[in-house]
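Colleague: Would you be able to build a 3D model of this:
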Amino acid sequence: MVDEHFGPDAEKHDLTSEIFWQKLSEMFTLTMDMVRETAVEMGVDLDSLTEGPETESPGPGSEAAIVHVIEHLAKRYAGQVDDWFDKECCEHEGQTANQPWQLRDHKNQQNDVSAADAVDVIRWYQHQIYIKIRRALSNAAQEDEAASDAAGSAKVALIGVDRSISAWGVLLKLLPDSNTGILALVNILENLRSRVDAEFPAARNFIRPGFDSES
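Modeller: Have a look, this model is predicted:
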């Protein structure tokens, strides 16, 4: 079952298709390998791309600091996505904020996920990741229904992170001149992914009524 419902543009790009999501899912491991290989080739330290107060490890027992780091990473990612699109699109006359100038209707032949589809996925989850993480963290200390809501929200956030990483992988292959910016964004997502998995270890196995089926 499709996890999230997209807007009117979904019909144009087949974003509600299970086959599409499977193709995107298959890109995840390839993307992480490609990110590491590209960083080595460029001599780039991935951690140096995302250094800042939001990514510093909190001290022992500082629960509030953990929440602070996770929330701020998600918020930071959303803002840097806008910055990336502004740089790649709007500095070129006649382009829109969702249309990198180097991309036309080019498709990645390896998995047939188009650049337009990848952009739509990135934009769809850009702010949703932060919203779901914030909701999960605010309900994490509660019991019963609120705790279930926290696990469900964390799961949706993780789905968004994984799919966004895969979508950035599509663009990474198509936009070699934009490698550094994409590497930084994927590194933030990977950092966020690790922290959310650690904070909500049961989230990925949580069964969301109406969305997930028990295996």
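
Colleague: pLDDT score assigned to residue 42?
Modeller: The per-residue pLDDT reported for residue 42 equals 65.

Colleague: try the one 10 residues further on
Modeller: Residue-level confidence at residue 52 comes out at 53, pLDDT.

Colleague: Could you tell me which residues within stretch 25-34 count as buried?
Modeller: Residues 27, 30-31, 34 are the ones in stretch 25-34 that count as buried (16 or more other CB atoms under 10 Å). Every residue, glycine included, has its C-beta placed from N, CA and C.

Colleague: and the gap between residue 164 and residue 153?
Modeller: 16 Å (CB to CB, to the nearest Å).

Colleague: which one of those two has more residues nearby?
Modeller: Between residue 164 and residue 153, counted using other CB atoms under 10 Å, residue 164 has the larger neighbour count: 29 against 24.

Colleague: That one contacts residue 123, doesn't it?
Modeller: No - applying CB atoms under 8 Å, one finds residue 164 not in contact with residue 123, separated by 9.7 Å.

Colleague: Quick check: which element contains the closest residue to residue 162 other than its chain neighbours?
Modeller: Spatial nearest neighbour of residue 162, chain neighbours left out: residue 28 (5.7 Å); criterion: CB to CB, 6 or more residues apart in numbering. Using DSSP states H and E, residue 28 maps to helix 18-42.

Colleague: Could you list the low-confidence segments of this protein?
Modeller: 1-17, 42-67, 90-112, 143-147, 209-215 (pLDDT under 70).

Colleague: can we see that at 50?
Modeller: 1-13, 53-55, 57-58, 60, 92-93, 101, 104-105, 108, 111 (pLDDT under 50).

Colleague: longest helix anywhere in it?
Modeller: helix 145-174 (DSSP state H).

Colleague: helices or strands up against it?
Modeller: helix 18-42, helix 115-139, helix 179-199 (3 or more CB pairs under 8 Å, 6 or more residues apart in numbering; DSSP states H and E).

Colleague: Between helix 18-42 and the shortest one, find me the angle.
Modeller: Right, helix 179-199. Counting by axes from the mean of the first three to the mean of the last three CA atoms, to 10 degrees, helix 179-199 points 120 degrees away from the direction of helix 18-42.

Colleague: swap in the second one?
Modeller: Between the direction of helix 115-139 and that of helix 18-42, the angle (the same axes, to 10 degrees) works out to 90 degrees.

Colleague: Please name every helix or strand in contact with helix 115-139.
Modeller: By 3+ CB pairs under 8 Å, 6+ apart, helix 115-139 packs against helix 10-13, helix 63-85, helix 145-174, helix 179-199.

Colleague: Please apply the same query to the shortest one.
Modeller: Counting contacts by 3+ CB pairs under 8 Å, 6+ apart, the secondary-structure elements packed against helix 179-199 are helix 18-42, helix 46-49, helix 63-85, helix 115-139, helix 145-174.

Colleague: What are the buried residues along it?
Modeller: Neighbour count says helix 179-199 has 179, 181-193, 195-196, 199 buried, by 16+ other CB under 10 Å.

Colleague: about what we covered before: pick the one among the buried residues of stretch 25-34 closest to residue 81.
Modeller: Residue 81 lies nearest to residue 31 out of the buried residues of stretch 25-34, by CB to CB, at 15.9 Å.
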